[in-house]
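K.L.:
Task: produce atomic coordinates for the following.
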Amino acid sequence: MTRVITAILFLFLFGARAVFAQQEAGVWVQVEARPTLRQAQERAQAYANVLPDVNGYRLNSGWYAIVIGPYLRNDAEQVLRVYRAEGQIPADSYIAFSNSLAQQFWPVGSSSQGQSAVTPPVEPTPQPDQSTAGLTPQPSDETRSQALQSERALTAQERKDLQTALQAAGFYNSTIDGAFGAGTRRSMGDWQSFNGYEPTGVLTTAQRKVLMDGYNAPLISVGIERYSDTQAGIDLDLPLGVIAFDRYEAPFAHFNGTTDLNAKALLISQKGNKSTLRALYEVMQSLEIVPLDGPRQLRGDRFTLEGRGNGIVSYTEAALKDDQIKGFTLVWPEGDEARRARILAAIKASFTTNDAVLDAGAGADADQRIDLVSGLQVRKPRLSRSGFFTDANGTVLTVSEATDSCTRITLNDDQEVQVAWADPDLGVAVLRPRRSLAPISIAEFSADKPRIQSDVAVSGFSYEGALGAPTLTYGQITDVRGLDGEDGVKRLALAAQPGDAGGPVFDDNGQVVGMLLPTPSEGRTLPASVSLAATTDRLNEALEKAGVSGQPAQSTAEISPNELSRRANGMTVLVHCWD
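P.N.:
Residues are numbered from 1 along each chain as shown. Model (predicted):
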């Protein structure tokens, strides 16, 4: 029995020691994160040329982090001080933990997760002639009685902050209430032991500073400071070490990045009502700084927006009170989630407003462009082409190039559609809306074979939506076969633009006799007046394979240009392909 107890005790102690060893070896200094593996490998090589213990890991966000280590926690703090002072690493480097790192990519073929902590660089000894003027002296150590006395002077919020810092460091898992009971005292003692202090269960003034400095390292690394904007009527904490005020363009105060971190921020300030708030909510979602993926909510007198993608994470919140809309946006690079979360929490907690509101005319003399909203770039699709409705539910025919490798496909910016069927050889795709639409008009496919030299017109968004409506481009049929004599394609004498591809081809009766195809690009340059179109037979085949029946045309007389324009406008849609 004694042997069994001894064995169990050994296993318990061994397991505890292993856990402790993992904690000791799981501390790193993250110096950079890059969006692509190639960039990260190049930067890792650059650091490895001048520093030891350089490693690279893929982050859960998809970015690639360059880290140094692993170190004991105290040693990691020393690494930050030494390498920052020497200019070897960026000023915004910070401590990271193993649980934030995924697959290792540097050095190639290595795995340093779980290895023993390495020795940190030696901290330089100050020379006698170095000036220490202006430096705050470190508090002297205190007895337990003195520590308890200094602890009593803490505010309720300061006591909660200590519990929060202990929780973040992994030593406290109870309620954040500011009450230092047995659980908090035990956590303080564990933290003291881990950091080489006598485990008294009461933190001295100096130890509280070490704990809070470690907890606030993400904020310190970006120079978080109180900022007051008297024109916008907003006070808050901002990471002014990495961003700086740039300009006003109502309703925004713009803060641009000052380092290669490329962070950004906006202050939102304008007069308005619920309609204004809703309009702002919609406009913000059209901006490049608010990626498409992420939760968003408009409720009552406030909204929040979060977007992730294209290398950034964006968070916006705004609220309406007393006919004023106030809020902020923080744009941060992906791959730095722990630090971003701390900074965002600090901004939210510190955000206060007063009666001032930004002048609606602020920034009116700034450069004007149709793809800018108050100085912010409107999100643009990767590619835009034309399409047209083929049934009463809103099924659309378009060109397959408008659907290739798209993360999202929309009609006229907001109606999401999915590919029901595609023929990449012909270059045709059938799109089905995620919810039924009600087209003003739908295509009527001509059953007659078009004749050479007959007049036709193509309806399309020639300039990919810049004009806000489709245009008609007139021409003639020059051949009922393709350039290589193939069936299913006809040749047109018609000067089309790239955005016209996917648009319906009409005869003079207003019936659809084809769909404009993209200009071939396989090493050939065609005359500007040569275009190709898919025949109605091939279009109807595509619709049938997607489970849709095209509507046959009824024989009619020639229609007026105004009637043709009306039909074309009600039928033609702008198809956007988004990354």
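
K.L.:
alpha carbons only for contacts and neighbour counts from here, please
P.N.:
Noted.

K.L.:
Just say helix, strand or coil for residue 84.
P.N.:
With DSSP: H, G, I helix; E, B strand; the rest coil as the basis, residue 84 sits in helix.

K.L.:
Quick check, pLDDT for it.
P.N.:
Note for residue 84: predicted pLDDT of 80.

K.L.:
what residues are up against it?
P.N.:
90-91 (CA atoms under 8 Å, 6 or more residues apart in numbering).

K.L.:
any idea how far it lies from residue 210?
P.N.:
18 Å (CA to CA, to the nearest Å).

K.L.:
Start from the N-terminal end of the stretch 401-550 of the chain and give the strands.
P.N.:
408-411, 415-423, 428-433, 444-445, 455-460, 471-479, 489-493, 504-506, 512-517, 530-535 (DSSP state E, counting those that start in this stretch).

K.L.:
The shortest one - contacts with which helices or strands?
P.N.:
Strand 444-445 is packed against strand 512-517, strand 551-552, with contacts defined by 3 or more CA pairs under 8 Å, 6 or more residues apart in numbering; DSSP states H and E.

K.L.:
tell me the average confidence for the longest one?
P.N.:
Strand 512-517 comes out with an average pLDDT of 94.

K.L.:
Ok, the shortest one next?
P.N.:
The predicted model gives strand 551-552 an average pLDDT of 90.

K.L.:
List the pairing partners of it within its sheet, with orientation.
P.N.:
If you go by DSSP bridges, strand 551-552 pairs up with strand 444-445 (parallel).

K.L.:
Just give me how far the strand it pairs with sits from the chain centre.
P.N.:
43 Å (CA atoms, centre = their mean, to the nearest Å).

K.L.:
Next: stretch 199-213.
P.N.:
Distance, centroid of stretch 199-213 to centroid of chain: 38 Å (CA atoms, centre = their mean).

K.L.:
residues of that stretch that come out buried?
P.N.:
199-205, 207-208, 210-212 (16 or more other CA atoms under 10 Å).

K.L.:
same thing with stretch 454-466?
P.N.:
Those would be 455-465, for stretch 454-466 by 16+ other CA under 10 Å.

K.L.:
before we move on, what about stretch 298-310?
P.N.:
Within stretch 298-310, the residues that count as buried by 16+ other CA under 10 Å are 298, 302-309.

K.L.:
go on, stretch 42-58?
P.N.:
Those would be 43-45, 47-48, 53-58, for stretch 42-58 by 16+ other CA under 10 Å.

K.L.:
Could you save those residues as a markdown table and add columns showing secondary structure and pLDDT?
P.N.:
Below are these laid out as a markdown table (DSSP: H, G, I helix; E, B strand; the rest coil; pLDDT from 0 to 100):
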| residue | secondary structure | pLDDT |
| --- | --- | --- |
| 43 | helix | 90 |
| 44 | helix | 90 |
| 45 | helix | 90 |
| 47 | helix | 90 |
| 48 | helix | 88 |
| 53 | coil | 89 |
| 54 | strand | 92 |
| 55 | strand | 93 |
| 56 | strand | 92 |
| 57 | strand | 90 |
| 58 | strand | 87 |
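
K.L.:
quick check, nearest of these to residue 97?
P.N.:
residue 57 (11.7 Å; CA to CA).

K.L.:
got a list of what the closest one touches?
P.N.:
64-67, 101-106.

K.L.:
Report the buried members of those residues.
P.N.:
64-67, 101-102, 104-106.

K.L.:
and the residues you listed, which of them are in helices?
P.N.:
When DSSP state H is applied, these are split such that none fall in helices.

K.L.:
so of those, which ones are in strands?
P.N.:
Under the assignment DSSP state E, the buried ones among the contacts of residue 57 contribute 64-67, 101-102, 104-106 to strands.

K.L.:
could I get these as TSV with distance to residue 318 and pLDDT?
P.N.:
Formatted as TSV, these follow (distance: CA to CA, whole Å; pLDDT from 0 to 100):
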residue	distance to residue 318	pLDDT
64	32	86
65	33	88
66	35	92
67	36	92
101	34	82
102	35	84
104	40	91
105	41	90
106	42	90
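
K.L.:
quick check, nearest of those residues to residue 504?
P.N.:
Nearest to residue 504 among those, with distances taken as CA to CA, is residue 64, at 46.1 Å.

K.L.:
Please verify my assumption that the closest one contacts residue 37.
P.N.:
Yes: in terms of CA atoms under 8 Å, residue 64 counts as a neighbour of residue 37; the distance is 6.4 Å.

K.L.:
residue contacts, the closest residue to residue 192 other than its chain neighbours?
P.N.:
Distances taken as CA to CA, 6 or more residues apart in numbering put residue 199 closest to residue 192, at 5.2 Å, once the chain neighbours are dropped. Applying CA under 8 Å, 6+ apart, we find residue 199 in contact with 188-193.

K.L.:
The same query, at a cut-off of 6 Å, please.
P.N.:
189, 192-193 (CA atoms under 6 Å, 6 or more residues apart in numbering).

K.L.:
For PyMOL, write the select line for the buried members of those.
P.N.:
Selection of the buried residues among the contacts of residue 199 in PyMOL, burial being defined by 16+ other CA under 10 Å:
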select buried, resi 189+192
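
K.L.:
quick check, residue 280 in a helix?
P.N.:
Yes: under three-state DSSP, residue 280 falls within a helix.

K.L.:
Which pLDDT value belongs to it?
P.N.:
92.

K.L.:
do residue 437 as well
P.N.:
The model's pLDDT for residue 437 equals 87.

K.L.:
Quick check on it: phi, psi?
P.N.:
According to degrees, to the nearest 10, the main-chain angles of residue 437 amount to phi -110, psi 170.
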